[in-house]
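Student: sequence first, then the predicted structure, then my questions.
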Amino acid sequence: MSITVSFSVNGKRHTASFEPAASLLEVLRDRLGYKGPKLCCNTGECGACTILLDDKPVNSCVVLGADAAGAAVTTVEGLANGGELHPIQQAFIDAAAVQCGYCTPGYIISVKALLDRTKTPTPAEIEEAVSGNICRCTGYTKILDAIRLAAERMQQGS
Amino acid sequence: MDYFEPKSVAEALSLLARYGARAKVIAGGTDVMVDIKYKDEPECLINIKRIGGLRYIEEGNGGLRIGPLVTIRELETNRLVRERLPALWESCRQFASLQIRNTATLGGNICRASPSGETLAPLLVLEAKVKLAFAEGEKVEPIESLFLGPGKTSLGFNGLLTEIDVPYPERASRSAYLKHAVRGPMDIAMVGVAVLVTPDANRSAANDVRIGLGAVAPTPVRARAAEALLRGKPLTAAAVQQAARAAASESAPISDQRSSAEYRSWIVEVLTRRGLERTWREATGKEMSG
């Protein structure tokens, strides 16, 4: 049996058919070609598959694809403005917060959700916001630097 | 696999009647999705997320009436939960990651009936009531009687949880949830302890003491012998220590990859003591006397 579901990804409307047990991550990657969210632990623990579902960060590996019906999904592909990277993406590069890069799209989405919630996050809020994202290159210090840098730049820019 | 998105409780119940044990109910999905991938795919998946009217937090019946599809994050960010049901609020704060809290539902955490389910010990000490729907009709029962064993509830294969009623404790009371885990909220609790203390009018003795234990028995449990030791008495350090030991002996933990049974018993004692010290101080403004 397969089901057909319509929703938007980064503002673009999609209709996809898939097995009803498929995760939203599988639908995004394998049906629609959005490879930004990464498949890693596949159990909702590592955060590499983080996307925004109606502006809330979720682990797309443990969300039913069916639950995206009618929703607005944001993946890391939706952040850049044409050729210009989003300030969070640029801050990750400038702070050298990327090593192997596998966790990076999930981090960037978690940080986007954080900075959408508050423009001036406290250190505790920053740590909490990314506590569901694991980096096994152990680049946490630089990741936290990048988040602070992104917050500063976005405050100045706004 | 058959798949359904019922639009009403009645429709969900008729599907459950038809498929029985071959069906799996899914809400947030943070546990069920993992089972589907790594254990068995059910013959039938019943997604209850599209049933209207099961996602609300409202005052009523002298407390909060909570729909089972409310997410952990919605509880965590609710002012009434924070102010009136601190033990529940603290368990939501220590519930996995933000991503999971945005997805996981209170009803799912309850019906999963994991002994370590974060919200369960708090709901036990807050004496929540659950509304259960069956084809034959509706039933309201104390949440304590819902849990029959790991993963087993009195809903069986044909019932649906439709509301959680959490009465407000007395204004003078304080409650807390203490969790012991290696990696903070992301980790499954080795031990979780919820306590509630209601002082008398003079703030000299405890009118009511409730202690709930998570992850140390086949179901979340109340430590009633420990509670009885303190009820009606001043909470002195010696009395609290004795009650904490009683709570540890009322627990029946297992040894697994997270910790040994002996270690879990020690932690029950420590967290019970700390929880009682903290709530007594918060409720009376006084440190505990020797």
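Tutor: Received the coordinates, thanks.
Student: what does chain A put close to chain B?
Tutor: Residues of chain A found near chain B (C-beta under 8 Å from any C-beta of the partner chain) are A:1, A:3, A:19-21, A:23, A:42-45, A:47, A:50, A:53, A:56-59, A:61-64, A:66-67, A:110, A:113, A:128-129, A:131-133. (Each C-beta comes from the backbone N, C-alpha and C, glycine too.)
Student: cutoff 6 Å now
Tutor: Listed as neighbours of chain B in chain A under the rule C-beta under 6 Å from any C-beta of the partner chain: A:20-21, A:43-44, A:50, A:56-59, A:62, A:64, A:67, A:131-132.
Student: who wins for most neighbours among these?
Tutor: A:N59 (36 neighbours; other C-beta atoms under 10 Å in any protein chain shown).
Student: give me phi/psi at that one?
Tutor: Main-chain torsions, A:N59, degrees, to the nearest 10: phi -80, psi 110.
Student: touching, it and A:G44? I think so.
Tutor: Yes: using C-beta atoms under 6 Å, A:N59 is in contact with A:G44, at 4.4 Å.
Student: same question for the biggest helix by length in chain B, mean pLDDT?
Tutor: Counting residues, the longest helix found in chain B (DSSP state H) is helix B:261-284. What helix B:261-284 shows for mean pLDDT is 97.
Student: what is that helix packed up against?
Tutor: Other helices and strands packing on helix B:261-284, by 3 or more C-beta pairs under 6 Å, 6 or more residues apart in numbering or on different chains; DSSP states H and E, are strand B:174-180, strand B:191-199, helix B:237-250.
Student: okay, these in a markdown table with distance to chain A, mean neighbour count and mean pLDDT next?
Tutor: Compiled in a markdown table, the helices and strands packed on helix B:261-284 are given as follows (distance: least, C-beta to the nearest C-beta, whole Å; neighbours: other C-beta atoms under 10 Å in any protein chain shown; pLDDT from 0 to 100):
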| stretch | distance to chain A | mean neighbour count | mean pLDDT |
| --- | --- | --- | --- |
| strand B:174-180 | 14 | 24 | 97 |
| strand B:191-199 | 18 | 29 | 97 |
| helix B:237-250 | 30 | 19 | 97 |
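Student: what's the closest of those to B:D2?
Tutor: strand B:191-199 (36.3 Å; C-beta to C-beta).
Student: sheet-wise, list the partners of that closest one with their directions.
Tutor: Counting by DSSP bridges, the strands paired with strand B:191-199 are strand B:174-180 (antiparallel), strand B:206-214 (antiparallel).
Student: just how off-centre is whatever helix or strand B:A226 lives in within its chain?
Tutor: Taking DSSP states H and E as the criterion, B:A226 maps to helix B:224-230. Chain-centre distance of helix B:224-230: 20 Å, with C-alpha atoms, centre = their mean, to the nearest Å.
Student: helices along chain A, start to end?
Tutor: So, for chain A - with DSSP H - the helices run A:24-26, A:87-94, A:104-117, A:123-129, A:140-157.
Student: any chance of those in JSON lines, plus distance to B:W89 and mean pLDDT?
Tutor: Below are those laid out as JSON lines (distance: least, C-beta to C-beta, whole Å; pLDDT from 0 to 100):
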{"stretch": "helix A:24-26", "distance to B:W89": "29", "mean pLDDT": "98"}
{"stretch": "helix A:87-94", "distance to B:W89": "30", "mean pLDDT": "98"}
{"stretch": "helix A:104-117", "distance to B:W89": "18", "mean pLDDT": "98"}
{"stretch": "helix A:123-129", "distance to B:W89": "15", "mean pLDDT": "96"}
{"stretch": "helix A:140-157", "distance to B:W89": "26", "mean pLDDT": "96"}
